[in-house]
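Peer 1: Turn this into a structure:
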Amino acid sequence: MESRRKRSRSQRLKWGCYILLLVACTVLQTMPGLFQFGAAKPLWLLPLCLAVSAAEGEFAGAVFGAVCGLMWDYTAGRTVGMLALELMILCFGVSVVVQLYLKDTPSNFVLLAVVCALLVLSADWLFFYYMPGYAGAGERFLWVVLPSALMTAPGSWLLHCAVRRISTEFKIDNGVV
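Peer 2: Below you'll find the predicted structure:
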């Protein structure tokens, strides 16, 4: 059996690694021109918070999703809270779906990440382009939203593998046989 101090240290190290991944994903997502294809760019924060929620459970995943959403809102210069709320709800839902219905495999996770990216980007497009009545909103959906969602797939696979590695490396063994 592990001591309480060792378990606490293990948890701090695990969440410290997740925070480092959060900072790295924020830098990758906000760096101008990096991995850009036309106006489309892959998302990095969304697959990270989804991977953490699939690995750590619904409560921790929802809180981490809200933190990722706040970071995304802040770095994008948007109204604070919209993405935080969206990511919190998505992370909770993905965690429940993974626990109850889907096997946590990389291919299932990539599919979930692309669908969630499409949902988040479509909501963003709906509220900020289509509803205000901007000209060319339909073209923006075809040339920015859809490619961005698809470009999220390779990064989500990498992030799923990284989060799984961190989660298993710092797994708490409660002495249950």
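
Peer 1: and the longest helix anywhere in the chain, average pLDDT?
Peer 2: In the chain, taking DSSP state H as the definition, the longest helix is helix 4-30. Throughout helix 4-30, pLDDT has a mean value of 92.

Peer 1: host element of the most centrally placed residue in the chain?
Peer 2: Computing the C-alpha centroid of the chain and ranking residues by C-alpha atoms, centre = their mean puts residue 46 first, at 2.4 Å. In this structure, residue 46 sits in helix 45-56 according to DSSP states H and E.

Peer 1: Which other helices and strands does that helix contact?
Peer 2: The contact analysis (3 or more C-beta pairs under 8 Å, 6 or more residues apart in numbering; DSSP states H and E) places helix 45-56 against helix 4-30, helix 58-76, helix 82-100, helix 106-125, helix 146-169. For glycine as for every other residue, the C-beta is placed from the backbone atoms N, C-alpha and C.

Peer 1: Now distance to residue 42 too, for these, in TSV please.
Peer 2: Shown next, in TSV, are these (distance: least, C-beta to C-beta, whole Å):
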stretch	distance to residue 42
helix 4-30	8
helix 58-76	13
helix 82-100	16
helix 106-125	8
helix 146-169	4
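
Peer 1: Let me have those helices in CSV, extended by mean neighbour count.
Peer 2: CSV is the format used below for those (neighbours: other C-beta atoms under 10 Å):
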stretch, mean neighbour count
helix 4-30, 15
helix 58-76, 20
helix 82-100, 20
helix 106-125, 18
helix 146-169, 18
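
Peer 1: for the protein, where's the lowest mean pLDDT among helices and strands?
Peer 2: Taking all helices and strands of the chain together, the one with the lowest average confidence (mean pLDDT, DSSP states H and E) is helix 137-140, at a mean of 89.
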